[in-house]
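fold the following and give me the result.
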Amino acid sequence: MTITSCSEKLIIGLIPEWLQEFEKEAGYTKRGTRIIYVSGPYSKGDTAENIRNACFAGNEILKRGFTPFVPHLIHLWHLITPKPYQDWLDIDLALISRMDAVLRIPGESKGADNEVALALRLGIPVFYSLDEIQDIAL
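Numbering: from 1, shown residues only. Coordinates of the predicted model:
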């Protein structure tokens, strides 16, 4: 692996060796510093299936060389210390402004629609399929 910049050295230094090896074996591209937020259904329908779909989307984002953020994983936090639903929505919306892009995965979701609307208002690119982010330069 050739490291070309100080920031890459810092990022690579923070990634455990086992993860670097896993990514190499799995064929992941170079890890990017651009973060893509996965927006999709959480509570409408089967919550476990929604979380699974979001995680799979995050994995595909990672394979394309970007860093995924999967807010659906807050579910585990909620299991440990429950909070009102609106609190979780507020946290998600606060994070949108820090993202480089949003991937809206399929499924009906008022919360995800609000995330997309906020991203668009902020000028953050929104993608509706993994193919759209395949060759982009954010």
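
name the helices or strands packed onto the longest helix that the chain contains?
In the chain, taking DSSP state H as the definition, the longest helix is helix 47-63. In terms of contact count using 3 or more Cβ pairs under 8 Å, 6 or more residues apart in numbering; DSSP states H and E, helix 47-63 is assigned the packing partners strand 35-39, strand 67-69, helix 130-133. Every C-beta, even on glycine, is put in place using the N, C-alpha and C of the backbone.

only the buried residues of that helix, if you could.
Buried residues in helix 47-63, counted by 16 or more other Cβ atoms under 10 Å: N50, I51, N53, A54, A57, G58, E60, I61, L62.

looking at the helices and strands packed on helix 47-63, which is buried most?
Mean neighbour counts were taken over the helices and strands packed on helix 47-63 using mean count of other Cβ atoms under 10 Å, and the top value, a mean of 25, falls to strand 35-39.

just give the strands next to that one in its sheet, each with its orientation.
Strand pairing for strand 35-39, determined by DSSP bridges: strand 67-69 (parallel), strand 101-104 (parallel).

circling back to that earlier point, in TSV: the buried residues of helix 47-63, plus pLDDT and distance to L76.
Listed next are the buried residues of helix 47-63 as TSV, based on pLDDT from 0 to 100; distance: Cβ to Cβ, whole Å:
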residue	pLDDT	distance to L76
N50	95	14
I51	94	9
N53	97	16
A54	96	13
A57	97	18
G58	96	14
E60	94	21
I61	94	20
L62	91	19
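
of those residues, closest to L118?
Each of the buried residues of helix 47-63 was checked against L118 using Cβ to Cβ; the closest is A54, at 17.8 Å.

and the nearest residue in space to G58 that is not next to it in sequence, bridged to which residues?
Nearest non-adjacent residue to G58, counting by Cβ to Cβ, 6 or more residues apart in numbering: P68, 3.5 Å away. P68 forms beta bridges with I36, as assigned by DSSP bridges.

for P68, give me the pLDDT.
Per-residue confidence (pLDDT) for P68: 95.

let the chain start at 52 from now.
Sure, I'll start counting at 52 from here, so that last one is P119.
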